[in-house]
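# Fold the following, please.
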Amino acid sequence: MKTFQKPLTSGEEAYYVRLLREGDADQAQAAKDTLIERNLRLVAHVAKKYQNVDEDMEDMISIGCIGLIKAIDTFDAGKGRLATYACRCIDNELLMLLRSKKKTSREVSLYEPIGQDKEGNEIHLMDVIEQEQQDVVEALEYQGNIRRLMALMQQELTEREKEILLLRYGLWGRRELTQSEIGERLGISRSYVSRIEKKALNKLREKFEQG
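Residues are numbered from 1 along each chain as shown. So this is what the prediction gives:
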């Protein structure tokens, strides 16, 4: 496990910040290197907040270091501690990375298969999104996506398709049912429920992708 150097005291930090701004080229570079090295623990601390996202922690720390360097380059010594300012810059850099990844993957990832249930049917991320722990970016987008999906269900699905999705995923206060339970309730076969569910999800996916 990587060992980070001790953080700077407020006095040490002020000294190196002043040397960075007022020293000669060699002194300034040495001061900057020290400020980076002694704040790597802070980068790791901020990156750890996002340990549940699907990103390698070493990569997160590397991106966080970019935020740290930006903070050192733009820090105003008259506005408090560098560590406090750097924390925000590191956090912003990580958020930009995650938003970029999210934009690349697009919302269609909600419908990608992630496994099978006990009945042998594909499970999509959409099926479990309400149960999964959300990362920071999903938390920002979650409510908007759900509103969009609900609106699309009203606009694009037949009454039968909508009813099956509402029952299947326990939406709008309903109890979540299996395909077999839905089939018994509606007087149709489980396989027919599965086909209707799949057709409805494909409709939603197509409209969702169109934005």
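# So which residues of the chain form strands?
Applying DSSP state E to the chain gives strands spanning 113-116, 122-124.
# Just the mean pLDDT for the first one, thanks.
Right, the one you point to is strand 113-116. When pLDDT is averaged along strand 113-116, the result is 55.
# what's around residue 5, how many residues?
In terms of burial, residue 5 registers 11 neighbours under the definition other Cβ atoms under 10 Å. In this view, the C-beta of every residue, glycine as well, is placed from N, C-alpha and C.
# Identify the residues contacting it.
37, 38, 40, 41 (Cβ atoms under 8 Å, 6 or more residues apart in numbering).
# Kindly recompute the last result at 6 Å.
Listed by Cβ atoms under 6 Å, 6 or more residues apart in numbering, the contact set of residue 5 reads 37, 38.
# which intervals of this structure have sub-threshold pLDDT?
Judged against pLDDT under 70, the low-scoring parts of the chain cover residues 1-3, 52-54, 101-145, 172, 211.
# Can you give the distance from the longest helix along it to the centre of its chain?
The helix spanning the most residues in the chain, taking DSSP state H as the definition, is helix 82-105. Centroid separation for helix 82-105 versus its chain: 11 Å, with Cα atoms, centre = their mean, to the nearest Å.
# Report the backbone C-alpha coordinates of it in PDB.
Presented in PDB, the C-alpha positions along helix 82-105 are these (Å, rounded to 0.1, in the frame of the first residue of the first chain):
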ATOM      1  CA  LEU A  82      -4.200  25.700   0.400                       C
ATOM      2  CA  ALA A  83      -5.500  22.300   1.600                       C
ATOM      3  CA  THR A  84      -9.100  23.600   1.800                       C
ATOM      4  CA  TYR A  85      -8.900  25.200  -1.700                       C
ATOM      5  CA  ALA A  86      -7.200  22.100  -3.100                       C
ATOM      6  CA  CYS A  87      -9.900  19.800  -1.800                       C
ATOM      7  CA  ARG A  88     -12.500  21.600  -3.900                       C
ATOM      8  CA  CYS A  89     -10.200  21.600  -7.000                       C
ATOM      9  CA  ILE A  90      -9.500  17.800  -6.600                       C
ATOM     10  CA  ASP A  91     -13.200  17.100  -6.100                       C
ATOM     11  CA  ASN A  92     -14.100  19.100  -9.200                       C
ATOM     12  CA  GLU A  93     -11.500  17.300 -11.400                       C
ATOM     13  CA  LEU A  94     -12.900  13.900 -10.300                       C
ATOM     14  CA  LEU A  95     -16.500  15.000 -10.900                       C
ATOM     15  CA  MET A  96     -15.500  16.100 -14.400                       C
ATOM     16  CA  LEU A  97     -14.000  12.700 -15.100                       C
ATOM     17  CA  LEU A  98     -17.100  10.900 -13.900                       C
ATOM     18  CA  ARG A  99     -19.400  13.200 -15.900                       C
ATOM     19  CA  SER A 100     -17.400  12.600 -19.000                       C
ATOM     20  CA  LYS A 101     -17.500   8.800 -18.500                       C
ATOM     21  CA  LYS A 102     -21.300   9.000 -17.900                       C
ATOM     22  CA  LYS A 103     -21.800  11.100 -21.000                       C
ATOM     23  CA  THR A 104     -19.800   8.600 -23.100                       C
ATOM     24  CA  SER A 105     -21.800   5.600 -21.800                       C
END
